[in-house]
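Asks: Quick one, fold the following:
(one chain, ligands or ions: 1)
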Amino acid sequence: MKFSDVPGHHEAKRRLVEMVQQGRLPHALLISGPVGSGEVMLARAFVQYLHCTGRSATDNDSCGQCPSCRQHQSLNHADLHFAFPILKKGSGVTLCEDYMPQWRELLDQDPWMDFRRWPEMLGKANGQPVIYVDEADVLRRKLSMAARVSGLNVAMIWLPEKLVPATANALLKLIEEPEPGSMFVMVSNAPAEILPTVYSRCQRIELRRLSDAEVAEVIGQGLNPADALAAAHVAEGNVIAARDSLGTRDSQRNLDLFMQLMRLAYQRKVGDLKAWSETVAALGRDGICRFLDYCQRMVRENFILNLQVPELNYLTADEGQFSSRFCPFINERNVEGLIKELNDAETDIRGNTGAKIVLFDLAIKVIILLKA
Ligand SMILES: [Zn+2]
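Replies: Okay, here's the model as predicted:
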């Protein structure tokens, strides 16, 4: 992974390059960023750059060609050691080494590192992976041996917020009295949850979310640019969430159900709205809540469209087609009421009130509000 493979984060890249060029490496570096911002990719690019033997003193990226870079690209560099959250197998000691095939698979197939997939890859979808204390011994042993290839051993810890306190305390000693020729690179999504004694001893680089345009470029292959930008905008800089929203059938179905609601309510077809509420109720609680969220977004987008501020609009091509005709019906007299009713319905559904009744009641209120 080269810096040029990682979108955005120009300031962070500049600081990381400078650290290496000036030979001012901290014992412990903490790179933190929101989920889906490419935080692990940036850490990998940094270590590859650090170990690269093919760059000159002024190159701002690794060469991608030298033996060291090739070992990093195949996840086989002898001087890079990983620790990451795992689940215990049986009663004996379980180490990260036992999960190396899964770890390589995650890094290789999903460099954005979707933690939600991880417990299932470890064999237990509802497990709560943590970094056990035995891992600290393994790292101490690995870091105390001379770096085999590069002269610098790097221990990369994915999600230090998942260190159990005993592990964090054991690592603390290693950070305070580092083995010569070694450093830690930690990558976190929740720096506030890291043990303060560890956190305070790290040099920190905080990443901001990626911009909508950067996310759209990552997910945009083969997509209509407006669809990519709409998905990126809704995902608030999170590539994983943006990818999810495109990958699911949810978005088309939600648009269809939203169009039905608005058309039937406008035509006051109460019988058909009853059937509509039964269709939506069948989505189940989570599905209904996602649909109601979607409706709130569409109401807001249509209001903005009606105000004729197209640069603030984020609609897919299909949504845009419907909205260009529908938006005159969303105005300053009903926009708040519609959002409130959708929001109240969601609260009721989460509180387990009967879905069919809540949704039918919502549909009747939409009839009234659309006439406003
Ligand atoms: Zn290289």
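Asks: Tell me how many other residues crowd residue 339.
Replies: Taking other CB atoms under 10 Å as the criterion, the count of residues near residue 339 is 16. C-beta coordinates here come from the backbone N, C-alpha and C atoms, glycine included.
Asks: quick one: secondary structure of it?
Replies: What DSSP: H, G, I helix; E, B strand; the rest coil gives for residue 339 is helix.
Asks: tell me the pLDDT at it?
Replies: The confidence metric pLDDT takes the value 97 at residue 339.
Asks: repeat for residue 247
Replies: Model confidence at residue 247 (pLDDT) stands at 66.
Asks: Same check on the one 10 residues further on?
Replies: In this model, residue 257 is scored at 96, pLDDT.
Asks: List the residues that contact it.
Replies: 276, 279-280, 291 (CB atoms under 8 Å, 6 or more residues apart in numbering).
Asks: Okay, and it sits in which element?
Replies: Taking DSSP states H and E as the definition, one finds residue 257 inside helix 250-266.
Asks: Of all the residues in that helix, which ones are buried?
Replies: Going by neighbour count (16 or more other CB atoms under 10 Å), the buried part of helix 250-266 is 250-251, 253-255, 257-262, 264-265.
Asks: Could you do stretch 186-195 as well?
Replies: In stretch 186-195, counting by 16+ other CB under 10 Å, buried: 186-189, 191, 194-195.
Asks: The ion versus residue 369, what's the distance?
Replies: Applying CB to the ion, to the nearest Å, the value for residue 369 to the ion is 62 Å.
Asks: Surely that residue touches residue 341?
Replies: Yes. Between residue 369 and residue 341 there is a contact under CB atoms under 8 Å: 7.1 Å.
Asks: Looking at the two, which has the bigger crowd around it?
Replies: Shown here are residue 369 and residue 341; by other CB under 10 Å, residue 341 has more neighbours (23 against 20).
Asks: if I pick the more buried one, what's in contact with it?
Replies: Contact analysis of residue 341 by CB under 8 Å, 6+ apart lists 362, 365-366, 369.
Asks: For it, give its distance to residue 368.
Replies: Using CB to CB, to the nearest Å, residue 341 is found at 10 Å from residue 368.
Asks: same deal with residue 134?
Replies: Using CB to CB, residue 134 is found at 63 Å from residue 368.
Asks: And for residue 16?
Replies: 57 Å.
Asks: Give me the more crowded residue out of these two.
Replies: residue 16 (24 against 12).
Asks: Now stretch 293-313: buried residues?
Replies: 294-306, 313.
Asks: Can you show me the strands along this protein?
Replies: Here the chain has its strands, by DSSP state E, at 28-32, 80-83, 153-158, 182-188, 203-206.
Asks: Looking at pLDDT only, which of the buried residues of stretch 186-195 scores worst?
Replies: residue 195 (92).
Asks: Let me see the contact set for it.
Replies: Shown in contact with residue 195 (CB under 8 Å, 6+ apart): 163, 165, 168-169, 172.
Asks: Helices - which of those land there?
Replies: Assignment to helices by DSSP state H places the following of those there: 165, 168-169, 172.
Asks: Show me which of these are buried.
Replies: Neighbour-count burial (16+ other CB under 10 Å) applied to these gives 168, 172.
Asks: Would you mind giving the ones in helices among the contacts of residue 195 as JSON lines with distance to the ion and pLDDT added?
Replies: Listed next are those as JSON lines, based on distance: CB to the ion, whole Å; pLDDT from 0 to 100:
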{"residue": "165", "distance to the ion": "38", "pLDDT": "94"}
{"residue": "168", "distance to the ion": "33", "pLDDT": "94"}
{"residue": "169", "distance to the ion": "36", "pLDDT": "94"}
{"residue": "172", "distance to the ion": "33", "pLDDT": "93"}
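Asks: and the residue in the stretch 151-300 of the chain positioned nearest to the ion, how many neighbours?
Replies: For the stretch 151-300 of the chain, the residue closest to the ion is residue 152, as judged by CB to the ion, at 14.1 Å. Using other CB under 10 Å, the number of residues around residue 152 comes to 16.
Asks: Which residue is the nearest non-sequential neighbour of it?
Replies: Residue nearest to residue 152 in three dimensions, not counting chain neighbours: residue 181, with 5.6 Å by CB to CB, 6 or more residues apart in numbering.
Asks: count of residues packed around residue 49?
Replies: By other CB under 10 Å, neighbour count at residue 49 equals 25.
Asks: ok, how many other residues are close to the spatially closest residue to it that is not a sequence neighbour?
Replies: Leaving aside its sequence neighbours, residue 49 sits nearest to residue 62 (CB to CB, 6+ apart; 4.4 Å). Neighbour count for residue 62, taken as other CB under 10 Å: 27.
Asks: Also the one 4 residues further on?
Replies: Residues contacting residue 66 under the criterion other CB under 10 Å number 16.
Asks: Number the chain from 51, please
Replies: Yep, numbering from 51; the last one is residue 116 now.
Asks: So it is in contact with residue 104, correct?
Replies: Yes. At 3.5 Å, residue 116 and residue 104 qualify as touching, with contact defined as CB under 8 Å.
Asks: Roughly how far does the residue of the stretch 301-422 of the chain found nearest the ion sit from residue 191?
Replies: Across the stretch 301-422 of the chain, the shortest distance to the ion (CB to the ion) belongs to residue 364, at 39.9 Å. Computed with CB to CB, the distance linking residue 364 and residue 191 is 51 Å.
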